[in-house]
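Asker: Next come a sequence and a model predicted from it.
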Amino acid sequence: MERTKPLERLLGAAVGLARTADRIPADGETMGLIREALVMMFAPESSGENGRLEGAEDPVSALEARIHEKKARLLPDCTVCKNPCGRFFDYEAGELWTGPLEIRDGKIGILERLKCLTDRGEIGENRDLVCRALFALGEDCSGEWLQMIAEELENVIYCPGRQ
């Protein structure tokens, strides 16, 4: 059994948090955590270790823990559910690389566009679309649906009249 890479776990946690927006609209704290996760994931120096000093807390794990705390506050019943549906579970991001080509390409396209939004600092102003895009990463769905979301992200990124 292969260990999950820290940044894959972080992506999975961010997807799980975005899934909560399907039930409870994302607030500023939720979007702040999602933004932090995306910035950390897409940072050029991201390796999961982030050059931490010996004995210092791993920043990826610390952020993942904060995301889980927020999810527990938003949906406290999920942690004690006798019949968990899995709807708000973290996404197993390692599955991204093992899915059918059409699905993998669609999800990678979404990630590329989320990176662009992150680089431009436009995560917060596109709250619903970002949550929907992250939600889609964790779903078993058609490549067509993923492509529609990627195109919607593309339209936001390259909106006419914007720099």
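Answerer: Good, I have the coordinates. Numbering: from 1, shown residues only.
Asker: Point out the other elements, helices or strands, that the longest helix along the chain touches.
Answerer: With DSSP state H setting the assignment, residue counts place helix 101-119 as the longest helix in the chain. The helices and strands touching helix 101-119, judged by 3 or more C-beta pairs under 8 Å, 6 or more residues apart in numbering; DSSP states H and E, are helix 28-42, helix 127-137, helix 143-157. For every residue, glycine as well, the C-beta is placed using N, CA and C.
Asker: angle of it against helix 28-42?
Answerer: Helix 101-119 and helix 28-42 meet at an angle of 110 degrees, taking axes from the mean of the first three to the mean of the last three C-alpha atoms, to 10 degrees as the criterion.
Asker: got the CA coordinates for helix 101-119 in CSV?
Answerer: Included here for helix 101-119 are C-alpha records, laid out as CSV according to Å, rounded to 0.1, in the frame of the first residue of the first chain:
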residue,chain,number,x,y,z
LEU,A,101,-8.0,9.2,-19.7
GLU,A,102,-11.0,11.4,-20.5
ILE,A,103,-11.7,11.8,-16.8
ARG,A,104,-8.1,12.4,-15.8
ASP,A,105,-7.7,15.0,-18.6
GLY,A,106,-10.8,16.8,-17.4
LYS,A,107,-9.7,16.9,-13.8
ILE,A,108,-6.2,18.0,-14.8
GLY,A,109,-7.7,20.8,-16.9
ILE,A,110,-9.7,21.9,-13.9
LEU,A,111,-6.5,21.9,-11.7
GLU,A,112,-4.6,23.9,-14.3
ARG,A,113,-7.3,26.6,-14.4
LEU,A,114,-7.6,26.6,-10.6
LYS,A,115,-3.8,27.2,-10.5
CYS,A,116,-4.3,30.2,-12.8
LEU,A,117,-7.0,31.6,-10.6
THR,A,118,-4.8,31.1,-7.6
ASP,A,119,-1.8,32.8,-9.2
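Asker: residues in contact with residue 38?
Answerer: For residue 38, the contacting residues are 14, 114-115, 118, 123, by C-beta atoms under 8 Å, 6 or more residues apart in numbering.
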